[in-house]
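1. Turn this into a model:
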Amino acid sequence: MNILGCSKKQSMTVIKGVIQGEIPESVIYTNPIDGLSFWGFTDSIKPDSTGHFYLELKINNPIFVNIAIPNEIGRTLLLEPDGKYKLNIDLRKEGNSFDVSGSSKEGQDLINKFHIGSVESQARKFVNESDMLNIVKEIQETKANELSEFTLQLNNNEISQGFYDLVKLDRDCYYSALQGNVALLKYYQTIKNEESTSNILQMWSDVYRNININDSTLKYSPWFYYLIQNYLRYEQISVNNITSEKLKQLFDQGSYHTYKIQEAKNYLSEPTQEYYIAEYLFFTSYQKRYEKELISLITDFKEDYSNSNYIKYLNALQSSIVEYYEISENPISDKIKFVDSFRTINSFKRLVKHLDEERIFIDIWASWCSPCIDEFKFNHELKTTLTKKGIGLLYLSIDGDDREHQWKNLIKLSNLQGYNMRANSVLSKYLSETFGKSGILSIPRYIIIDKSGNVLIADAARPSELSKLENELKGL
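-> You can find the predicted model right below:
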């Protein structure tokens, strides 16, 4: 693993890309600060009028970088010093395509078979298994099978030793996080059933007996953040006996995140401590819960790490929380209309009776949905387009009663002019069953209905895809 920890002269890695089809406003990529791979720390480049873009990165070790076109397609790349890569992104095809040529093409293709699915979702697959040894064996065998394919590529000189070493580190990190999350889920399960947790805790402790959480090279894996999260939860439970009830109490007191950051400081050394806290503050702020506690915690981070390269990614999130509380004191604009009697509106046919519109564009969102809120940046353009077509606008939130305050504040913050309503439980169920997959509705979601409540477009383009939406509206 020395190749990941060496400190040699930085080399220039070059990425040349071309986009076929509609040219997007930007291509985003994760900024590999000190080699860190985290989805939240992103920058962007603008393609030229022919769809070409060019990116140079100074790196001294193999690193992971995610490159994506928002709302369209993305891919994980493993970049090496002095590497030359060509990207061909075709947005004309059904499902789109993203091809990579250049350094270690075979390895690039193989990586993207594995960098899918969250640790938490994979861990749930083991919840109903009772044999701890068998769970660990299954996890290790899966990892070994994945690595064997890269070993074959290494032996065939299709990838370099540095490429392989980073893949192995990443798979070690991912499967350690997976085993830790299985242990966490199993622990809660046994507590609920009032069973012994000794075998679970043993399985859990084995994870951190085999991996050094303060190994700074682990930051090169996108899964390192989730591994640290699990490690800190292990320490809370096994050493400090911090229960879920205690954490809820801290949350209700408005000191939950302060406690979590202090725990990170207790168990993590530098530089791991700095980038974990930066990621934690970004992640929790990005969830748009607008917790006042985060304002002071971000300020503390900026004071503790005044030269940190992560500060620029936290500033905008901190400002949005400050603005949220400032605007909450303002009255609601008379251009924002709330639909009365929402508790009795259980279907679109009942809904349209409360709206004086021939056709309605429904924006389904929630106050906890960051992608939903990001789309509000395009409200002005959306409103202009819909007005020209004689289409009304309804912002339909699936927030529960416990988030009514956040819902109304975000309406003011985002200036959601037009109709606004919260879906009751019956309507929410209807939306999930009718427009979701396996009963789960993915948001943001955009639906267009007529004055009788009939669905005209069940999955309309996003406001950020305005030209695409305009083409869809031509068919109405």
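2. So residue 414 sits against residue 376, correct?
-> Yes. Here residue 414 reaches residue 376: they are 4.2 Å apart, a contact under C-beta atoms under 8 Å. C-beta: built from backbone N, CA, C; applies to glycine.
3. Show me which of those two is the more surrounded one.
-> residue 376 (20 against 17; other C-beta atoms under 10 Å).
4. which residues touch the more buried one?
-> Residues near residue 376 by C-beta atoms under 8 Å, 6 or more residues apart in numbering: 414, 416, 463.
5. Just the closest of those to residue 157, please.
-> Using C-beta to C-beta, residue 463 comes nearest to residue 157 of those, at 48.5 Å.
6. closest to residue 288 among the contacts of residue 376?
-> Closest approach to residue 288 among the contacts of residue 376 (C-beta to C-beta): residue 414, at 10.5 Å.
7. per-residue confidence for that closest one?
-> If you check residue 414, the pLDDT there is 91.
8. same deal with the one 5 residues further on?
-> According to the predicted model, the pLDDT of residue 419 comes to 95.
9. gap between the helix or strand hosting it and the chain center?
-> Element membership for residue 419 (DSSP states H and E) is strand 418-422. Taking C-alpha atoms, centre = their mean, to the nearest Å, one finds strand 418-422 lying 27 Å from the centre of the chain it belongs to.
10. Can you check which helix is longest in the chain?
-> helix 161-192 (DSSP state H).
11. what about that one, average pLDDT?
-> Mean pLDDT, helix 161-192: 93.
12. give me every residue that touches residue 436.
-> residue 442.
13. gap between it and residue 443?
-> Distance, residue 436 to residue 443, by C-beta to C-beta, to the nearest Å: 10 Å.
14. just to revisit the earlier point, which helices and strands does the longest helix of the chain pack with?
-> Applying 3 or more C-beta pairs under 8 Å, 6 or more residues apart in numbering; DSSP states H and E, we find helix 161-192 packed against helix 2-5, strand 63-69, strand 73-79, helix 105-114, helix 119-123, helix 132-155, helix 198-209, helix 224-238.
15. Pull the contacting residues for residue 41.
-> So residue 41 contacts 30-31, 33, 282, 310, 313 (C-beta under 8 Å, 6+ apart).
16. what's the closest of these to residue 428?
-> residue 282 (29.5 Å).
17. Tell me how far the nearest residue to the closest one once chain neighbours are set aside lies from residue 299.
-> Spatially, and ignoring its direct neighbours in sequence, residue 282 is nearest to residue 40 (4.4 Å; C-beta to C-beta, 6 or more residues apart in numbering). Distance, residue 40 to residue 299, by C-beta to C-beta: 19 Å.
18. out of the two, which sits in the busier spot?
-> Comparing residue 40 with residue 299 by other C-beta under 10 Å, the one with more neighbours is residue 40, at 18 against 12.
19. Can you give me the distance of that one to residue 285?
-> Noted for residue 40: a distance of 9 Å to residue 285, by C-beta to C-beta.
20. sorry, back to before: so which residues make contact with the strand holding residue 419?
-> Applying C-beta under 8 Å, 6+ apart, the contact partners of strand 418-422 are 335-339, 342, 345, 351, 355, 360, 383, 392-399, 404, 407, 411.
21. Count the residues that sit near residue 412.
-> When neighbours are defined as other C-beta under 10 Å, residue 412 has 17 of them.
22. Correction: the previous question concerned residue 60.
-> Residues lying near residue 60 (other C-beta under 10 Å) number 13.
23. Model confidence score at it, please.
-> For residue 60, the pLDDT comes out at 89.
24. Make sure it is actually in contact with residue 80.
-> No. With contact defined as C-beta under 8 Å, residue 60 does not count as touching residue 80 (10.3 Å).
25. Can you pull the residues that touch both of these two?
-> By C-beta under 8 Å, 6+ apart, no residue touches both residue 60 and residue 80.
26. for the stretch 351-476 of the chain, what are the low-confidence residue spans?
-> Scanning the stretch 351-476 of the chain for pLDDT under 70 picks out nothing.
27. Show me where it has its helices.
-> Secondary structure of the stretch 351-476 of the chain (DSSP state H, counting those that start in this stretch): helices at 370-375, 379-388, 404-414, 425-435, 466-474.
28. Residue 99: which of the ones you listed is closest?
-> Smallest distance to residue 99 across these (C-beta to C-beta): 22.8 Å, for helix 466-474.
29. angle of that closest one against helix 379-388?
-> 20 degrees (axes from the mean of the first three to the mean of the last three C-alpha atoms, to 10 degrees).
30. Any idea how far helix 466-474 is from the middle of the chain?
-> Distance of helix 466-474 from the chain centroid (C-alpha atoms, centre = their mean) equals 27 Å.
31. just stretch 90-103 next, same as before
-> 22 Å.
32. for it, which positions count as buried?
-> The neighbour-count check on stretch 90-103 (16 or more other C-beta atoms under 10 Å) flags 91, 98, 100, 103 as buried.
33. Next, format these as CSV and append distance to residue 188.
-> What follows is the buried residues of stretch 90-103, written out as CSV (distance: C-beta to C-beta, whole Å):
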residue, distance to residue 188
91, 43
98, 38
100, 41
103, 44
